[in-house]
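J.: sequence first, predicted model second:
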Amino acid sequence: MGDRRGWLLLALQPLAIASTVVVGLLLLDSTGWIVVLPVLAVLIVAWLGQAVHAHQRAVELGAEPGGELQIAWALPVILAVMTAFWLFGGDRGSPAAALEEYVSAWHSGRVDDARSLFVEPVEQSALAEAWRAQEAYVRARVTQEALRYGPSSGLDPQDPFGGLRFVEQADRRTPESTLVAVEIVRRQRVERTLFGLIPTATQETVLVERAGLIRLRAVPAEWPAWLPLGQPRPLVWRIEQVLLPLPSGRDGPSAVAGTHHLF
């Protein structure tokens, strides 16, 4: 169209996209991940708006009408971007998500991935050794209870993690920390009658014992010095303490206050 402002848009568009991607990567794992949504929306609206405006100006200057529907090609891109945002946004923005990532890493033995999930730096060898000891303890307890309750209990010594349940202690939750109980559970068949006539049977999850405690804490997210921090400062949840197994005779939240190793 001969409008030199187009060169400015050509330079600003990739810069805006790159800036949004950088901010998104920094915030998607924190409690401030939702802030990226309006930024993303503004970028998309501006992107489509300048395209529509350019088309209208071209027609006004004598270009042949038509081609308006070509903008529909942008819809799959927008759908993919928004879907990815909701899938990965806040990946560790909640204690449950952080705990799930830690347990998944523990289950699959991904020590390197789990090291970054702790509040304080953790030595790879120390974490690997702690995992081996914890898994051996859980496997021994699951094996013992499987022999006691039988195959119908759902406890499998070959997969001891299948007998674990992680329960957040609501009375111990604060904005900055939370406590999660690690429990060994089993299945139990419960027989009832429907309307007092029809016999029915259901499976219930029954607590066998509390095996450990995990404390999580929200810490400030990493943020480059050259970017404005803003308020409130975004937080990310990390593992502060893992106490498993519990010391003998101590199965309550107060056990975390002991002088035991963080693993």
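T.: Sure, I can see it. Numbers count the residues shown, from 1 in each chain.

J.: show me where the stretch 51-200 of the chain has its helices.
T.: Counting by DSSP state H, counting those that start in this stretch, one finds helices in the stretch 51-200 of the chain at the ranges 74-88, 95-108, 111-115, 124-149.

J.: select, out of the ones you listed, the one closest to Pro234.
T.: helix 95-108 (14.1 Å; Cβ to Cβ). To be clear about C-beta, it is placed using only N, CA and C from the backbone, and glycine gets the same treatment.

J.: give me the neighbour count for Gln134.
T.: Residues near Gln134, counting by other Cβ atoms under 10 Å, number 18.

J.: skip the chain neighbours and tell me the closest residue to it.
T.: Sequence neighbours aside, Leu244 is the residue nearest to Gln134 in space, at 5.0 Å (criterion: Cβ to Cβ, 6 or more residues apart in numbering).

J.: before we move on, what about Ala105?
T.: Ala105 sits nearest to Ala114 (Cβ to Cβ, 6+ apart), 3.9 Å away.

J.: so the one you found touches Ser104, yeah?
T.: No: contact criterion Cβ atoms under 8 Å: Ala114 and Ser104 do not qualify, at 9.0 Å.

J.: and those two? which has more neighbours close in?
T.: Ala114 (22 against 13).

J.: if we can go back for a sec, let me see the contact set for the residue nearest to Ala105.
T.: By Cβ atoms under 8 Å, 6 or more residues apart in numbering, Ala114 lies in contact with 102, 105-106, 122, 127.

J.: quick one on the thing from earlier: JSON lines for the helices of the stretch 51-200 of the chain, including distance to Glu240?
T.: As requested, those are arranged in JSON lines below (distance: least, Cβ to Cβ, whole Å):
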{"stretch": "helix 74-88", "distance to Glu240": "24"}
{"stretch": "helix 95-108", "distance to Glu240": "11"}
{"stretch": "helix 111-115", "distance to Glu240": "14"}
{"stretch": "helix 124-149", "distance to Glu240": "14"}
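
J.: ok, back up a step: for Ala96, see how far away the residue nearest to Gln134 is.
T.: 18 Å (Cβ to Cβ, to the nearest Å).

J.: between the two, which is the more surrounded one?
T.: Leu244 (19 against 15).

J.: which ones are touching the more buried one?
T.: Taking Cβ under 8 Å, 6+ apart as the test, what Leu244 contacts is 134, 137-138, 182, 211-214.

J.: pLDDT at it, what is it?
T.: What the model reports for Leu244 is a pLDDT of 91.

J.: also Pro160?
T.: Pro160 is given a pLDDT of 92.

J.: ok, it - how many residues close by?
T.: Pro160: 21 neighbours (other Cβ under 10 Å).

J.: again with Gln158
T.: 9.

J.: show me the contacts for it.
T.: No contacts exist for Gln158 under Cβ under 8 Å, 6+ apart.

J.: offset the numbering so it begins at 2, please.
T.: In the new numbering, first residue 2, that becomes Gln159.
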